[in-house]
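A.B. asks: A predicted structure for the sequence below; I have some questions about it.
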Amino acid sequence: MTETELHKKPTPRNSSARFLPYIAIVVAVVLTAAIVFVALYPWPCTVSVNGKDEQVTIRTTLQDAIHEEMRFLTAGNLMAVDGSVIEEGGGTPFTLYVNGKVIEDVDAVVHPDDVIVVEDGVDKVEEFTEERVEVNPPVLMEGTGAVHRYTNVGVAGHALYRTGKTSGIVFEEKTEYQGAEVVRNFNVDTHGDKVIALTFDDGPWEEYTPQILDILRDNEAKGTFFTVGTRVAALPDIVKRASDEGHQICTHTWDHASGSGKGLSLDYMSAEEQLSEVLDGYNAIEQATGREASHVFRAPGGNFTEGTASVLVGIVTSEIGWNIDTNDWQKPGPNVIYDRIMQAEPGNIILMHDGGGDRSQTVEALRNALPKLREQGYRFITIDELLTYAPQEANIADVVAQTVEVA
């Protein structure tokens, strides 16, 4: 070792430097603990719940904040698509607003000065499927009279149907139309021409329809028979004879609206049933006569409402009532029936029956009345022939096509 090396002093070591890592760790731990403390400590705060100040903490959930108010609330109901109640209390349990906004997450924590409002629950509509289908246009009935003729072609619309997944209920939510169908009711003005339309319902009948056909033939008369389909199917030869002899064969429906129609009215039946009644009646006539059936018809009981008219749009051209009802089905006596027939005036439609039971009084009255009316100059024509006297538009007012919405 040299003298220089012997006299060189060692450099002193900094003893505090070796503690710096430990100090950093301690500081980090303290800061972390402070942050955790600040974050986790339930600092008190004030919020408003339904107008009342409540002392809570920043860790309080909305569910806890409204706990007391929940005792006074009513839940909404689960509703079917038609508005009926499926389950009481099956809707939302309550409605929660925080600072004016609807909040669904009740586990969210409150914030200082939050304004919380909780109200009764609201009804909830069941889940549903939708189907949009084409529907017939609405029908407007105008005027009065024995003839009810479709005179304005409406435009089919669309209906929105909803089917509830829980209830199974099918509900018509909304229907939109473009233009209405118009049925004009009127009496035929023959301008003095002495013509009468003789009409017979509920046949054919094995005993009485042939007798009536004989009387019509002997008096050079034509009639209109509003037949019942089941009777036509049972006695096709009689119907064929009537058609071959120039009489107008129309339908009075398939079975006089029996079943759900109670034998009285198509109005009691579903749309599908009504269509079947008329179309099956047409088919029976065509099978018996070999000719296309007339699309003039008479509704059972003369019940032809806007509802039925709407269903039968495009299926029939006219529904025929009457000006003189002989009420022969009540069997008031042949003289009474005769007197009622003799009240006829030009253009009148007379209602009688060739079916439905004993019609011997009708046969006798008709046999006596027709020669007398012929002596007065009357002729007896079919409904189609009578309608040639009516103006094509039947004096109908113009109908402006416009969107009609039924909600």
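C.D. replies: Good, I have the coordinates.
A.B. asks: can you give me the helices for the stretch 1-150 of the chain?
C.D. replies: Ranges of helices in the stretch 1-150 of the chain, per DSSP state H, counting those that start in this stretch, are 3-7, 20-40, 62-65.
A.B. asks: same check on the stretch 201-350 of the chain?
C.D. replies: Under the criterion DSSP H, counting those that start in this stretch, the stretch 201-350 of the chain carries helices at the ranges 208-218, 229-234, 236-244, 271-289, 306-311, 334-341.
A.B. asks: least reliable of the helices of the stretch 1-150 of the chain going by mean pLDDT?
C.D. replies: Among the helices of the stretch 1-150 of the chain, helix 3-7 has the lowest mean pLDDT, at a mean of 52.
A.B. asks: quick one: contacts for the spatially most central residue of the chain?
C.D. replies: Per C-alpha atoms, centre = their mean, the C-alpha nearest to the average position across the chain is that of Glu172, at 5.6 Å. Neighbour list for Glu172: Ala159, Leu160, Tyr161 [criterion: C-beta atoms under 8 Å, 6 or more residues apart in numbering]. The way it works is simple: take the backbone N, C-alpha and C, and place the C-beta from them, glycine included.
A.B. asks: at 10 Å instead, please
C.D. replies: Applying C-beta atoms under 10 Å, 6 or more residues apart in numbering, one finds that Glu172 lies in contact with Val81, Asp82, Val133, Val135, Ala159, Leu160, Tyr161, Arg162, Val406, Ala407.
A.B. asks: Leu312 now?
C.D. replies: 136, 139, 150, 181, 183, 266, 271, 274-275, 277-279, 295, 297, 299, 304, 319.
A.B. asks: surely Gly314 is in contact with Val278?
C.D. replies: No. Look at Gly314 against Val278 with C-beta atoms under 10 Å: they stay out of range, at 11.1 Å.
A.B. asks: okay, those two: which has more neighbours?
C.D. replies: Val278 (24 against 12; other C-beta atoms under 10 Å).
A.B. asks: which residue, neighbours along the chain excluded, lies closest to that one?
C.D. replies: Ile315 (5.6 Å; C-beta to C-beta, 6 or more residues apart in numbering).
A.B. asks: now stretch 299-315: buried residues?
C.D. replies: Neighbour counts over stretch 299-315 (16 or more other C-beta atoms under 10 Å) mark Ala299, Pro300, Gly302, Phe304, Thr308, Ala309, Ser310, Val311, Leu312, Val313 as buried.
A.B. asks: now swap in stretch 343-357 and tell me
C.D. replies: Quick answer for stretch 343-357 (16+ other C-beta under 10 Å): Ala344, Pro346, Gly347, Asn348, Ile349, Ile350, Leu351, Met352, His353, Asp354, Gly355, Gly356.
A.B. asks: rounded mean pLDDT for that stretch, please.
C.D. replies: Averaged over stretch 343-357, pLDDT sits at 97.
A.B. asks: end-to-end on it?
C.D. replies: 25 Å (C-alpha to C-alpha, to the nearest Å).
A.B. asks: what about stretch 76-84, how long is it end to end?
C.D. replies: End-to-end for stretch 76-84, by C-alpha to C-alpha: 13 Å.
A.B. asks: if we can go back for a sec, would the residue nearest to the centre of the chain count as being in a helix?
C.D. replies: No. Per DSSP: H, G, I helix; E, B strand; the rest coil, Glu172 lies outside any helix segment and is strand.
A.B. asks: which residues does it form a beta bridge with?
C.D. replies: Judged by DSSP bridges, the bridge partners of Glu172 are Tyr161.
A.B. asks: that one and Leu96: what is the separation?
C.D. replies: As judged by C-beta to C-beta, to the nearest Å, Glu172 and Leu96 stand 35 Å apart.
A.B. asks: cool, thanks, talk later.
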